[in-house]
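Chemist: Here's a sequence, model it:
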Amino acid sequence: MKKKKGMDEMIKKNNGKTKWMALLLISCLTLSLAACGDKYVMPYSDYDLSEYVKLGDYKGIEATETKVSVTDDEVQAEIQSRVKAAAKQVEKKEGTAVKGDSVKIVYTGKLNGKAFEGGSTGADGTTITLGSSGYIPGFDDGVIGMKVGEMKTLNLQFPQDYGKEELNGKNVDFDVTLSAIMVTETPKYDVDFVKAHSKETTIAGYEKSVKKELYAKKKSAAEEEIRNQIWGKIMDNAKILKYPEKEIAACKETNKQYYESYAKQYGMELKDFVKQYAGMDEKAYQEYLQKYAEAIVSQEMVMYSIAKAENITISDEEYKQKMEDFKKDQGVTDEKAFKQQYGKSFEEYVGKDNLMKSFLLEEVIQFAVDHAKIVPAADTAEKKA
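Modeler: Here you go, the predicted model:
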């Protein structure tokens, strides 16, 4: 019924020089879902990485600490956001529809007096916003002015370029019933709201808890920023001598599979998908794959080189604990249910190699943070003054 629209989700191109920070590395590592077998083999263990990368300074790195605070205005803004998010749409069973209204309708579309495939809602109906539904010309205008409970036949015509040969330019009748006008009801911010949406029993207690939550989020973001600063400088200080072609090829293949999975979802060939949604022709795409792989492999080699130099390892016990923590972060609380849904355990699905890389990266960066020079924001301001 609706006009065809472009995809909302697009792959974004990476333009210009990029610092490949820790979070990006972790996200790239988790693209691969290959199983690793029963015996874990440390990646790059068969390389003498000193032939591929020369580490620069990774201890004593200077990073600027962000001052964290939460204002009363930020607390109130967060609360209003939560109140708005708690709003519900309810069906208003009286009134006249006007442009901009969200309405619930039931309709049956007929060509030459017969219902056609995809032209009806069924008894449950559907909800549209009048004036921006995306339906064919004249549909929204025909519903505007209807009263709740009224049935009306709209005599319309499909556009010549609708996209379906059997419907292009054809006259169509829609029997439409306006079931309800949808009205948004926003709860009042009071003690009842507080009790319904938190463990607090007073407004003062709720606002204090919100402030605490906001502070924790800002603190976590500030700490992550320090980690990213440090990792970025470590990468800047390192010199890549050459790349192991085997690892480059594997990374390129993983990334290619990632794009192919997207293309398949949209029923497109990879080259067409990349052209349309990433704006790259075949040459540009191959260059992207190469640069992307080099960026990832660079980080991996630096990570493993530091781990080896500082004897940073992940024991079996540490791995088990970190995996359990990671599962909780991902909302995986029932391993049996996960396996039933995906056909693999969580570890098999993500891949032990990917998990180990992520966990080792955390340890390497934490080592660098522990040996870094963290400059408080106040000290930075004083230096500038």
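
Chemist: So which residues of the stretch 251-385 of the chain form strands?
Modeler: 373-375 (DSSP state E, counting those that start in this stretch).

Chemist: Helices of that one, residue ranges please.
Modeler: Assigned by DSSP state H, counting those that start in this stretch, the stretch 251-385 of the chain shows helices spanning 270-278, 282-309, 316-329, 335-342, 346-350, 352-370, 377-384.

Chemist: and those helices, which one is worst for confidence?
Modeler: In terms of average pLDDT, helix 377-384 trails the rest of these, at a mean of 52.

Chemist: Can you give me the neighbour number for the nearest residue to A86 once chain neighbours are set aside?
Modeler: In space, and not counting its chain neighbours, A86 is closest to P187: 5.3 Å by Cβ to Cβ, 6 or more residues apart in numbering. Glycine gets a C-beta too; all of them are placed from N, C-alpha and C. P187 has 15 neighbours, counted by other Cβ atoms under 10 Å.

Chemist: Point out where the protein drops to low pLDDT.
Modeler: Within the chain, the ranges that satisfy pLDDT under 70 run 1-41, 378-385.

Chemist: following the lengthiest strand in it, which helix or strand comes up?
Modeler: Ranked by residue count under DSSP state E, the longest strand found in the chain is strand 171-185. For strand 171-185, the following helix or strand on the C-terminal side (DSSP states H and E) is helix 191-197.

Chemist: which residues sit in contact with K92?
Modeler: V148, A180, I181, M182, V183 (Cβ atoms under 8 Å, 6 or more residues apart in numbering).

Chemist: Name the nearest residue to the fourth one, ignoring sequence neighbours.
Modeler: What it means is M182. Of all residues not flanking M182 in the chain, S102 sits nearest, at 4.0 Å (Cβ to Cβ, 6+ apart).

Chemist: tell me, how many neighbours does the residue lying closest to M151 once chain neighbours are set aside end up with?
Modeler: Nearest non-adjacent residue to M151, counting by Cβ to Cβ, 6+ apart: T177, 4.6 Å away. Neighbour count of T177, defined by other Cβ under 10 Å: 17.

Chemist: isn't T177 right up against T108?
Modeler: No: counting by Cβ atoms under 8 Å, T177 stays clear of T108, with 9.2 Å between them.

Chemist: what packs against the lengthiest helix in the chain?
Modeler: Counting by DSSP state H, the longest helix found in the chain is helix 203-237. For helix 203-237, the packing partners by 3 or more Cβ pairs under 8 Å, 6 or more residues apart in numbering; DSSP states H and E come out as helix 22-29, strand 62-64, helix 72-85, helix 191-197, helix 282-309, helix 352-370.

Chemist: Could you check the angle that helix makes with helix 72-85?
Modeler: Relative orientation of helix 203-237 and helix 72-85, computed by axes from the mean of the first three to the mean of the last three Cα atoms, to 10 degrees: 100 degrees.

Chemist: What residues of helix 203-237 count as buried?
Modeler: Across helix 203-237, burial judged by 16 or more other Cβ atoms under 10 Å covers 206-207, 210-211, 214, 218, 226-235.

Chemist: after that helix comes which helix or strand?
Modeler: For helix 203-237, the following helix or strand on the C-terminal side (DSSP H and E) is strand 239-240.
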